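Enquirer: Here is a sequence with its predicted model. Questions after.
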Amino acid sequence: MSTSTAHSDYRMGRSDWLLLLIPGLIWGSSFFFIAEGLDAFQPALVTPLRVLFGFLALVALPQSRKHIPMKDLPSIALLGVFWIAVPLSLFPFAEQHVSSSVTGMLNGATPLFVATVASLMHKSFPHRNQVLGLLVGFGGVLLIAIPTANKTSSSAFGVALIMCALCCYGIALNLAVPLQQKHGALPVIVRAQAVALILTAPFGIVAIPSSSFAWHSLFAMVGLGVGGTGIAYALTTTLAGRVGSTRTSVTTYIMPVVALFLGAVIRSEAVAALSLVGCGVALAGAFLTNRSRK
C-alpha cells in the first residue's frame, strides 16, 4: 500500500488545518521576501542566508538534536538536496526574470507534481478522476506561464526554473513522509538543512563581493529563513507524517493568494488577466487531484 493510500482515510482535526494554513501564509510571503532580498543580494547569496537563519532557528530546539541512525543519513541528505538546496537556489534566479506574484501563482501547482511523483514512485496509475485533476491543473499552469513566457526568452527561462523547482518539491515531499514517521520532523529537517547549507554556502561566499547591502534586504532574509525555512518546514514535515504527502501539499493553495497580494499591492507588480485565470484553474486541478485520490 502506498503512503498516500495509507493516509487517505485520516480525518483532519483543527491542529492539522492550522498546520496547513500557517505554512501557506509563510511560504506565500517568501516570494515577496526573495524579491526584497534581491534588491541588495545576488541570487546565489539569498539561498545560503535563508538556510542559515532557518537552521539556527530550528537547531536551538532540543527536539531537533534527536539521534538518527547512520543508515538513514543518506536519505536525509537526498532530502536536503531536493527539498532545500536545489529548489531554494532556483527561485532567486527565477525571480530575476519573472515577478514574485507569478512565481507564487505557479507554486500553487505543487500538489500536481507531488501526486505525479507519488504515482511514479509507487508504480500505481492514478485514478481516472485524479488524472482529470492533473490535466486540469497542468492546463492552468500553462495559462499562468503563457503571458510571462511570451514577453521575452528570459522570462521563459525563469518559468522553466520554477518548473524544475516544483519537480524537486514533488520528489522531496514523498521522501519526507517515511523519514518523518521514523524520526520526527525536526531531527530530519535540521539535518537536511545542514546538508543544504554545506552545498550552497560556497556559492554564497563567492557572491558576496558582487552584492550590496540594505537593511530591508537583510530583514527579509531573516524573515525568510526563520519563517519559510524554519517554522514552515517543521510544521509541514509534521503534517506530512500525519496525513501523507499529497494532502500536505494542499497548503500551497494559500500561497498564490498571498504572493499575488504582496506582489501587486506592495511591489506594484502587474499581473496578466490570463495568469489570474490560470491560477484559479491550477488550484482547481490541484483540489480535484487531492479530493479524488483513492
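Expert: Sure, I can see it. Residues are numbered from 1 along each chain as shown.

Enquirer: State the three-state secondary structure for the residue nearest to residue 233 when sequence neighbours are not counted.
Expert: Of all residues not flanking residue 233 in the chain, residue 189 sits nearest, at 5.0 Å (CB to CB, 6 or more residues apart in numbering). Placement of C-beta: from N, CA and C, glycine included. Here residue 189 is helix, with the state taken from DSSP: H, G, I helix; E, B strand; the rest coil.

Enquirer: so what's residue 189 up against?
Expert: Applying CB atoms under 8 Å, 6 or more residues apart in numbering to residue 189 gives the contacts 58, 64, 233-234, 237.

Enquirer: Quick check: of those residues, which has the highest neighbour count?
Expert: In terms of neighbours by other CB atoms under 10 Å, those top out with residue 233 at 27 neighbours.

Enquirer: Now do the same contact list for that residue.
Expert: 23, 54, 58, 83, 189, 193.

Enquirer: May I see these organised as CSV, with secondary structure, pLDDT and distance to residue 91 added?
Expert: Formatted as CSV, those follow (DSSP: H, G, I helix; E, B strand; the rest coil; pLDDT from 0 to 100; distance: CB to CB, whole Å):
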residue, secondary structure, pLDDT, distance to residue 91
23, helix, 88, 16
54, helix, 94, 14
58, helix, 92, 20
83, helix, 90, 13
189, helix, 89, 18
193, helix, 95, 16
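
Enquirer: just the residues you listed now: which is nearest residue 248?
Expert: Among the contacts of residue 233, residue 23 lies closest to residue 248 (CB to CB), at 9.1 Å.

Enquirer: Residue 106 and residue 159 touch, don't they?
Expert: Yes. Counting by CB atoms under 8 Å, residue 106 touches residue 159, with 7.1 Å between them.

Enquirer: The two: which is more packed in?
Expert: Ranked by neighbour count (other CB under 10 Å), residue 106 and residue 159 place residue 106 first, with 30 against 21.

Enquirer: Relative to residue 15, how far out is the most centrally placed residue in the chain?
Expert: Residue closest to the mean C-alpha point of the chain, counted by CA atoms, centre = their mean, is residue 169 at 6.1 Å. When distance is defined by CB to CB, to the nearest Å, residue 169 is 23 Å away from residue 15.
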